[in-house]
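Colleague: The following comprises the amino acid sequence and a computationally predicted model.
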There are 4 protein chains.
Amino acid sequence: MVRVGIVGATGYTGLELIRLLRRHPHVEIAWLTSETHAGKTLSQVYPTTWDAPLQPWDEVTLAGDEVVFLCLPHGASADAVARAYQAGCTVVDLSADFRLPASVYQRWYGLQHKYPDLLAQAVYGLPEVYRERIRGARLIANPGCYPTSVNLALYPLARAGWLSPDIIVDSKSGVSGAGRKPKLTTHFVEANENLSPYNIGYAHRHIAEMEQVLGDAWPEGGHPDVIFAPHLLPVNRGILSTIYIRLNHPRPPEDVYALYQSTYGDEPFVRVLPPGQAATLRHTQYTNLCVIGLTPVDERRWIVTSSIDNLVKGASGQAVQNMNIALDLPETAGLEE
Amino acid sequence: MVRVGIVGATGYTGLELIRLLRRHPHVEIAWLTSETHAGKTLSQVYPTTWDAPLQPWDEVTLAGDEVVFLCLPHGASADAVARAYQAGCTVVDLSADFRLPASVYQRWYGLQHKYPDLLAQAVYGLPEVYRERIRGARLIANPGCYPTSVNLALYPLARAGWLSPDIIVDSKSGVSGAGRKPKLTTHFVEANENLSPYNIGYAHRHIAEMEQVLGDAWPEGGHPDVIFAPHLLPVNRGILSTIYIRLNHPRPPEDVYALYQSTYGDEPFVRVLPPGQAATLRHTQYTNLCVIGLTPVDERRWIVTSSIDNLVKGASGQAVQNMNIALDLPETAGLEE
Amino acid sequence: MVRVGIVGATGYTGLELIRLLRRHPHVEIAWLTSETHAGKTLSQVYPTTWDAPLQPWDEVTLAGDEVVFLCLPHGASADAVARAYQAGCTVVDLSADFRLPASVYQRWYGLQHKYPDLLAQAVYGLPEVYRERIRGARLIANPGCYPTSVNLALYPLARAGWLSPDIIVDSKSGVSGAGRKPKLTTHFVEANENLSPYNIGYAHRHIAEMEQVLGDAWPEGGHPDVIFAPHLLPVNRGILSTIYIRLNHPRPPEDVYALYQSTYGDEPFVRVLPPGQAATLRHTQYTNLCVIGLTPVDERRWIVTSSIDNLVKGASGQAVQNMNIALDLPETAGLEE
Amino acid sequence: MVRVGIVGATGYTGLELIRLLRRHPHVEIAWLTSETHAGKTLSQVYPTTWDAPLQPWDEVTLAGDEVVFLCLPHGASADAVARAYQAGCTVVDLSADFRLPASVYQRWYGLQHKYPDLLAQAVYGLPEVYRERIRGARLIANPGCYPTSVNLALYPLARAGWLSPDIIVDSKSGVSGAGRKPKLTTHFVEANENLSPYNIGYAHRHIAEMEQVLGDAWPEGGHPDVIFAPHLLPVNRGILSTIYIRLNHPRPPEDVYALYQSTYGDEPFVRVLPPGQAATLRHTQYTNLCVIGLTPVDERRWIVTSSIDNLVKGASGQAVQNMNIALDLPETAGLEE
């Protein structure tokens, strides 16, 4: 059994990791940390009957632990990554701290990166694109939720060089994506029976990961130009991205479908819907799937719909998938399709 | 036009008062206060396009204002009541500070009452029971939301002396009843797709108002004995109370229906459903109605269902109704049935 | 008092008309029809305590009735319109039957128009664009919900000739927009905690009204080219349209804001938000408002957010507004801002 | 691998069985039936990417199948049970057809039982009470959802002979409990932001199973007297029962807690909360748990709160648990705690 620990276990991504890892056949949860609730047990801060003590992170002894999952806010995560990495653990960081080059990180997050050497070791944990790099990796930057939904939706076209740069992404996210800390925007009465756009235009930090992954796949000399409008949706879980694209040349729809099938046909966690179907949140909730719908408008314009569970494929499930790959466990262990 | 002001305008009862008073034909909103948001305007703290400045309460000049509505927490309200009352205003206090005798208040709220003289002037603003006292009153204690739903549901039987003391009240309230201040229990993800009992048994402060109003109507020598189980319900507005009672003598169902009709037949804001129907939240949302369903189980046991909108008849609408009565305006002005 | 009748009173637009007309100071509801529930009363088919009999439409005598509102499906509405019009009533038709020229109607709805002469009398009831035509009109085609949100959002730019033709509309609608007839897609468990795109691309019938109204305002020689992706949103009421546009020339943001202010500054039911704010559903629920947010992305690209309550400004409220204008009543009577 | 088939696979209990059985380590789903959708595949009638054909039941060949799950309405199920039983399969019937003696069944369901001999073979599949009878059983009547929540909550007290007969059960159920067939009461707009009592008093069929199981455990000469008020709750899954009981003698709270611990201490799917905590829906969603909270009001009166997921422990999960016991598989296989 692999011993794993979770830093920041009482937020939604931490709680979801617990849910997934409890049924993982090759893993044993060794410890949980919480700074706010240290000294209590999990059932005192969340309605669960599975229980475990909550420790402060600096009292955790790392000897013998193989995997550490970090569910901390960006900025706060980097120090903990460094400590766990230096203790010899395999680290899966769910924050943004190791996803981007230092200069890009500074531009979007306003922080100078404290660990450039460590950053050089980090791999971006989107298995469908970077699986080979993840094998055996010791530091995995787990992707953001919105970028996962968008990058998987467009990667085949970007890599094939079929896309015009202008990409419009209209995303809708369940409220768990906003974290568990109470705020007015996540108050039940404010979010319920409502829908709110926020940080729309070229403003949301997750654009950086979209431009990075798609740009990486893009033919030399070009790069994508993303407009992004996220919306807060009155559901607990799920992201649906409705993406408006233009092909750089007219192509028969069959070619587009074939491209996606050839890219994702063997992927355990990506499904391309038959022509005529669009992705919905229900397709993916509580699973590690990304489900993609392809709708042609005319010979160049398409609407791509992409659905993930923001807490699973958009966070904790993908983190488990990354651990499985890194440690050479079965990639689907503990995860649902 | 009556000039009115609202103290604590940015909580849910304050916002609902604004909604109701804006369309009241005899009222002009003169000012709004907010301690947290003083200096901003309403549209900066709530998604509305009707706008007005938010002042601190101690900068409000009361000259010429006729009515002051207080939407403050208990404890904090009493001082403001005193100031507005002494300035000659008619005061409608939505807090619990003037609803109960000082000794009962101390027992349930743990506070010694600071204004016993003023308390002696206060009338309990449940119009269907105390309408005559409310006419011309200068200080009205607006009832709590749960007690309004329960007291109107049982008042006819209590007054008639037909009730056994054992009363079981199972209430379900929308989240706006918990206030607008963000807390973990009112976080969207925690409350949505959930149902949580809280303070069940003989524990919730609102029991005091049930025992007071029903006890007041009860035949001499007796008093009700209430068990109360409130639940947090994943809707924005509404309270449904399902009440389990026993008659002290067997009676034909017709007598019970007739008793309710004779009590409430002329009331503008109480409706008794035909036999066979139970009250639902939908019956009353956005109205000032209390809708009551009467279901016999056998010749002595009944289930009474009672629905109100917690923000209207359970708070701000009843406050407007009280103002209308106190000032001899048409009782239904500004309110919907 | 104006006597009004509602044909098809037990669907959501009929029920909303009842809610609005009950508090309209110049109107008396004379009769309600329902084919499915004829012989019952309203409270037997909807949880309300305001009650009235439900008649079959062909038993209604129209003598003396001034206004007839038609809440029937397209196709079924045309005959009823003809009957009410010929009886001398002012007719507000909430269906699509009189919104489009016969050829366009046939193309999108697959039906040959039965009343081309009557169609020639009909005015399209979007008051902010066609107010003068509505005054005194006897047959008003009440606009569709999605087109109202989109047309009001883009009308200033279209009329000014500032828009590039490519318009992408990503709309999200509450479930009441899908009607009250039970279907699997509107089953609570299917729609709740879900978000579903449907009829996306160039497929939804409401595109016809967008192209018609914007095309009508467009400078000669051009016309808009709309991609439209509607989504079913798990809320009861409200439409939010997130619209991606490009100006045909770079312009300073101030010019765009000024254009909207000059177009809508005096409108009772349109509000343009201050720079930096986006429209949300909460801005408009239960009101007859359309609230518009303007967000620049760069010197040519903008995101326009537009919110209406689909049952009010998107249907029954706009129908009342149209009646008010047609009969020279105060335009805001019975409606909330 | 055990070969299993599901009759009526496209309702909510069928779909939930598919979800659970897909990850069951010892089971292979051999076939699915649907009368309404025969000829289609699952993904054509539900947003899933796991797919299988839907056959008509009478075209299914039963040779070699070991377990048949029946997800049919009562009345319709009995014939299918007979066919599968006679073919040698182990049958788990999720309908009410084999839960009650013929006379009781006739009284509550208005149907004469067609298979009295088979009924004599059936065991009532509540493992915590009847585990020994379930081992090796060939025909298991899977309990109703409400009775499961109530019977597990009260069984320790009933068996100990500590209960007064008067039991008041106030239950709230998610909408999936009402089935997947579209009806007005389960239309999103009707159920959302609403709460509706239905069949309250001594009227709901599930009372029969409560009286049967508790009466079976009750000391000789007595029997329970249940009032039951179910409510339709605007969530997808979960039942919360708030149960008001009276002990027949005053007892210290510790005795009650100890009684529950001794009854359920070794049960894999029942959890008794620590004193001071009440059960919520969140405790059990997506698990096969029943979570019980015990709240004393005074020395005789208690409020017992009981939470299950109506689709898991209240239906399909318990069906899997019953299959596991009957076939001597690990009892928790395929299920979550």
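Modeller: Thanks, I have the structure now.
Colleague: so how many other residues sit close to whatever residue of chain A ends up closest to chain B?
Modeller: Distance from chain B to each residue of chain A (C-beta to the nearest C-beta) is smallest for A:P182, at 3.6 Å. Glycine gets a C-beta too; all of them are placed from N, C-alpha and C. By the criterion of other C-beta atoms under 10 Å in any protein chain shown, A:P182 has 17 neighbours.
Colleague: three-state assignment of the nearest residue to it once chain neighbours are set aside?
Modeller: Using C-beta to C-beta, 6 or more residues apart in numbering or on different chains and skipping the chain neighbours, the partner closest in space to A:P182 is B:P182 (3.6 Å). Under the three-state scheme (DSSP: H, G, I helix; E, B strand; the rest coil), B:P182 adopts coil.
Colleague: ok, the residue of chain A closest to chain B - contacts?
Modeller: Residues near A:P182 by C-beta atoms under 8 Å, 6 or more residues apart in numbering or on different chains: B:182-184, B:186-187.
Colleague: List only buried entries from the residues you listed.
Modeller: B:182, B:186-187 (16 or more other C-beta atoms under 10 Å in any protein chain shown).
Colleague: How about the residues of chain A by chain B?
Modeller: Proximity of chain A to chain B is confined to A:12, A:174-176, A:180, A:182-184, A:186-193, A:234-236 under the rule C-beta under 8 Å from any C-beta of the partner chain.
Colleague: And the buried ones among those, selectable in ChimeraX?
Modeller: This is how ChimeraX selects the buried members of the residues of chain A next to chain B, with burial counted by 16+ other C-beta under 10 Å:
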select /A:12,174,175,176,180,182,186,187,188,189,190,191,192,193,234,235,236
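Colleague: Could you tell me which of the residues of chain A next to chain B belong to helices?
Modeller: Among the residues of chain A next to chain B, the ones falling in helices (DSSP state H) are A:12, A:188-191.
Colleague: farthest-separated two in those?
Modeller: A:Y12 and A:V189 (19.7 Å; C-beta to C-beta).
Colleague: Out of the buried ones among the contacts of A:P182, which comes closest to chain A?
Modeller: Chain A has its nearest neighbour among the buried ones among the contacts of A:P182 in B:P182, at 3.6 Å by C-beta to the nearest C-beta.
Colleague: Just the element for the residue lying closest to A:A141 once chain neighbours are set aside, please.
Modeller: Sequence neighbours aside, A:F98 is the residue nearest to A:A141 in space, at 3.8 Å (criterion: C-beta to C-beta, 6+ apart). A:F98 belongs to no helix or strand when elements are defined using DSSP states H and E.
Colleague: Name all residues that make contact with A:F98.
Modeller: A:F98 makes contact with A:78, A:81, A:118-119, A:122, A:139, A:141 under the criterion C-beta under 8 Å, 6+ apart.
Colleague: How much space separates it from chain C?
Modeller: Here A:F98 is placed at a distance of 29 Å from chain C (C-beta to the nearest C-beta, to the nearest Å).
Colleague: repeat for A:K313
Modeller: According to C-beta to the nearest C-beta, A:K313 stands 16 Å off from chain C.
Colleague: circling back: so what does the residue nearest to A:A141 look like in phi/psi?
Modeller: Dihedral angles phi and psi of A:F98 (degrees, to the nearest 10) take the values phi -120, psi 20.
Colleague: how close does the residue nearest to A:P182 get to A:K172?
Modeller: Per C-beta to C-beta, to the nearest Å, B:P182 is found 22 Å from A:K172.
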